[in-house]
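In: here is a sequence together with a model predicted from it:
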Amino acid sequence: MDADIARLYSEQRIDGLKPSFVMELLRLHSHGPMTIAELAESVQRTHSALSQKVAAMRKAGWVETVVGDDARTRKVTLTDRARGVIGRLAAEWRATEAAVAELEEEIPYPLSRVVTDIEQALARRSFHDRIAGKLAEDPAWE
C-alpha cells in the first residue's frame, strides 16, 4: 500500500516524500510548530522514534527546526516546500482513508482489527521469542 501511495507522489512530482511522513506533516499544518515531544504525543509515537523521523524529514526538506518560545526549545515547522503540497497531501490522506474503508468492505476482517489482534498476540509472546523458538528447532542455526 505504501508503495502505491509513493507511486502517486511520484506521478505528481512530489519527490522525496515518504508516505510515513504525511501524518506528521498534516499534524504540523493543522497545529502549527511543535516540539518533537509534542509531535510525538500527538501521533502516539515515542520521542526517540519521532526524533529520527524528524531528522529524516528535515534532510528531505519537508521540515525545519526553529527556536521555540523560550529560546531553550526547538520547534519543528513545515518548510515552504511542504506548505506548497500540503493541500495535495490532505487530499491523498482523505482518498487513502476512503480506499481503506472500501477495501475493508470487500474483506471479512477489518485491517484495523488485524493490527489490534497482532499487538495482543505479540504481547502474549514477542516476535523475538517466536523466532528464537523456531531457530532453536533448526540445526542450521547452531
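Out: Perfect, thanks for sending it.
In: show me where the protein has its helices.
Out: 2-11, 22-31, 36-42, 47-59, 80-106, 111-124, 127-136 (DSSP state H).
In: mean neighbour count, distance to V66 and mean pLDDT added to those, as a markdown table?
Out: Backbone N, C-alpha and C define where each C-beta goes, glycine included. Output for the helices of the chain, formatted as a markdown table (neighbours: other C-beta atoms under 10 Å; distance: least, C-beta to C-beta, whole Å; pLDDT from 0 to 100):
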| stretch | mean neighbour count | distance to V66 | mean pLDDT |
| --- | --- | --- | --- |
| helix 2-11 | 12 | 26 | 92 |
| helix 22-31 | 18 | 12 | 97 |
| helix 36-42 | 18 | 13 | 95 |
| helix 47-59 | 16 | 11 | 95 |
| helix 80-106 | 13 | 13 | 93 |
| helix 111-124 | 10 | 34 | 90 |
| helix 127-136 | 10 | 39 | 91 |
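In: okay if I get those as TSV plus distance to R72?
Out: Output for those, formatted as TSV (distance: least, C-beta to C-beta, whole Å):
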stretch	distance to R72
helix 2-11	36
helix 22-31	20
helix 36-42	13
helix 47-59	17
helix 80-106	25
helix 111-124	37
helix 127-136	39
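In: among those, which comes closest to G68?
Out: Closest to G68 of the helices of the chain is helix 36-42 (C-beta to C-beta; 10.1 Å).
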